[in-house]
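Engineer: the sequence isn't on hand, but the structure is:
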RNA sequence: GCUUCCAUAGUUCAAUGGAUAGAACAGGGGACUUCUAAGCCCUUGAUCGUGGUUCGAUUCCACGUGGGAGCACCA
């Protein structure tokens, strides 16, 4: 059973009425949800937009349209004219009951769609620098990427989750140099992280610049067996740590491409396009003149003949295309500081790869994550590592979890910690900087991941109690007017779709928080599992539908909702 | 200097060009012998400035102010 939203039907009916009443064919207007529920379920500004052309007051026009539309729409119970001339529509009671029914009949499908059926989305995210432990900032890309992967998948696309870690280059060389110089334990992720800090300091103060450059070259050329062995050992340590962390966060990658693989491919590709003028040589380097497309010049191969980030990315795209020639969208989630870089890289890529011209290639910029306690810098070593943050969240969650009805306290604590973290990151528009307030995240109160989880578990408990009391959820008898919660519930698929196409999971976060808030208010004001209440079966089924919606929504955010809490 | 992103309550965030700018936290107050108080109810409090476009601007445009990021061999 698939429930259609009344949106398109309303649009069509309005269009028709405007044509028949005023002879206007192509009016521009919106049909939207009013911000205030007291204004109804849908509203249209049609009367305001055609007022000039018609030559009448908007309210008069609205009245004429109302007369025309009244009783012509099954799903609409009433229409009113309000404000400056808005047409407000209220949906029929039966529509809401149908929605509740369809949700509980096919819970797993609720919110899913076929909007992106036939598409293959290559989604690249996380992509850390493999010589230091992941810090909270690295978490941002992973969390956003995973949510987008789930959203696309839920909308029918085939999604390939890809990770593109940096395992070679000057940054890595700094760490390898220091590991050797200071004889640090390459098996210890913290020691490897410390090595990077030491190497960077020695590079910047000039004391080891030449030595580190030499290490970098040696690693590219594999000319020094001791360094190569150290490099490989350090990579194993950091890759293990990365995989462990990603598993905790709920991400499993379908493919990993390392920069060391992409480098040679990219370098060859770039070189082969010097003759045709896409790239050119300059001061010993190979560059792309971005000015020809109103951008800036960037170096793709440096004077030492080594591929830079830009050539490596060309190689990365080439490998991706080879592995998945049928891709339709290639999305890369990385920090916002790379905005301008990606414009240039994509411009070059579109010249190099003819097949990319018509398909979507996009950079999804994430914001910086800063702490309320001050700035972080991995160079200076004052970062909050991802492990630390998760550890703190887990410890705080465990304290609370111990007092709950959960069977497995550790499992619940994990679920809460992850939800608390992801909610904080996904609650705001991606791309804008995130001020991470650890105290806030640890409080678990108000708008938060645990708030959603609590609401979910609360309904679970309610359903259990009702079942034990011999009540069964049904949609047969409904109260005359829909509850507020019902008037929010049916919008879920629209919100999911909006979050997907806009690449903005925060729409979903905002919605779920509103839904949970509305349910908790409903819960506080209405007896739900009351055997003497004729509406109890419907209220129970409604509560179940809310629970399904929270569960599906939380899944799309990359989190889970517990049955008991 | 050029490019680019941003500016909303004390704080952290919302608001496909719409109606009285919406939450959370913090502050003040309250209900509960009733299905989970990580909850509910009430309350104080905001669009950086000046113009422009529009029936209507937090949203679009211009200028200004303030901040972040990027701009040749890092990623």
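Structural biologist: Right, received. Where do you want to start? Just so it is clear, the model here is predicted, and its values are computed rather than measured.
Engineer: okay, domains of chain A per the record?
Structural biologist: A:6-91, A:120-370, A:386-557 (the TED database).
Engineer: span of the longest one from start to end?
Structural biologist: In other words, domain A:120-370. For domain A:120-370, the separation between the terminal residues is 34 Å (Cα to Cα, to the nearest Å).
Engineer: avg pLDDT for it?
Structural biologist: For domain A:120-370, the mean per-residue pLDDT is 94.
Engineer: and if you look at stretch A:78-89?
Structural biologist: If you average the pLDDT over stretch A:78-89, you get 94.
Engineer: how about the longest helix along chain A: buried residues?
Structural biologist: Selection of the longest helix in chain A by residue count, based on DSSP state H, yields helix A:225-249. Applying a neighbour-count criterion of 16 or more other Cβ atoms under 10 Å, one finds A:227, A:230-231, A:233-235, A:237-239, A:241-242, A:245-246, A:249 buried in helix A:225-249. (Each C-beta comes from the backbone N, C-alpha and C, glycine too.)
Engineer: report how many residues lie close to the residue of the stretch 401-550 of chain A at minimum distance from RNA strand B.
Structural biologist: Scanning the stretch 401-550 of chain A for proximity to RNA strand B using Cβ to the nearest atom of the strand identifies residue A:446 as nearest, at 2.1 Å. The number of residues packed around residue A:446, counting by other Cβ atoms under 10 Å, is 10.
Engineer: phi, psi of it?
Structural biologist: For residue A:446, the backbone dihedrals (degrees, to the nearest 10) come out as phi 70, psi -160.
Engineer: where's it relative to residue A:110, distance?
Structural biologist: To residue A:110, residue A:446 is 26 Å away according to Cβ to Cβ, to the nearest Å.
Engineer: kindly reformat the buried residues of helix A:225-249 as a markdown table containing distance to residue A:334.
Structural biologist: Formatted as a markdown table, the entries for the buried residues of helix A:225-249 read as follows, by distance: Cβ to Cβ, whole Å:
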| residue | distance to residue A:334 |
| --- | --- |
| A:227 | 28 |
| A:230 | 28 |
| A:231 | 24 |
| A:233 | 27 |
| A:234 | 23 |
| A:235 | 20 |
| A:237 | 23 |
| A:238 | 18 |
| A:239 | 19 |
| A:241 | 20 |
| A:242 | 16 |
| A:245 | 18 |
| A:246 | 16 |
| A:249 | 17 |
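Engineer: in a markdown table: the residues you listed, plus distance to RNA strand B.
Structural biologist: Supplementary listing: those in a markdown table, determined by distance: Cβ to the nearest atom of the strand, whole Å:
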| residue | distance to RNA strand B |
| --- | --- |
| A:227 | 16 |
| A:230 | 18 |
| A:231 | 14 |
| A:233 | 20 |
| A:234 | 15 |
| A:235 | 13 |
| A:237 | 18 |
| A:238 | 13 |
| A:239 | 15 |
| A:241 | 17 |
| A:242 | 14 |
| A:245 | 18 |
| A:246 | 17 |
| A:249 | 19 |
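Engineer: list the contacts of the nearest residue to residue A:140 once chain neighbours are set aside.
Structural biologist: Using Cβ to Cβ, 6 or more residues apart in numbering and skipping residues adjacent in sequence, the residue nearest residue A:140 is residue A:366, 4.9 Å away. By Cβ atoms under 8 Å, 6 or more residues apart in numbering, residue A:366 lies in contact with A:140-141, A:144, A:333-336, A:430-431.
Engineer: report the beta-bridge partners for residue A:366.
Structural biologist: residue A:335 (DSSP bridges).
Engineer: and the stretch 251-400 of chain A, which residues reach RNA strand B?
Structural biologist: Proximity of the stretch 251-400 of chain A to RNA strand B, by Cβ under 7 Å from any atom of the strand, involves residues A:259, A:282-285, A:287, A:296-299, A:302-304, A:306, A:308-309, A:312, A:336-341, A:368, A:372, A:397, A:400.
Engineer: can you report phi and psi for the nearest residue to residue A:49 once chain neighbours are set aside?
Structural biologist: Closest residue in space to residue A:49, ignoring its immediate chain neighbours: residue A:29 at 4.9 Å, by Cβ to Cβ, 6+ apart. Per-residue torsions, residue A:29: phi -160, psi 170 (degrees, to the nearest 10).
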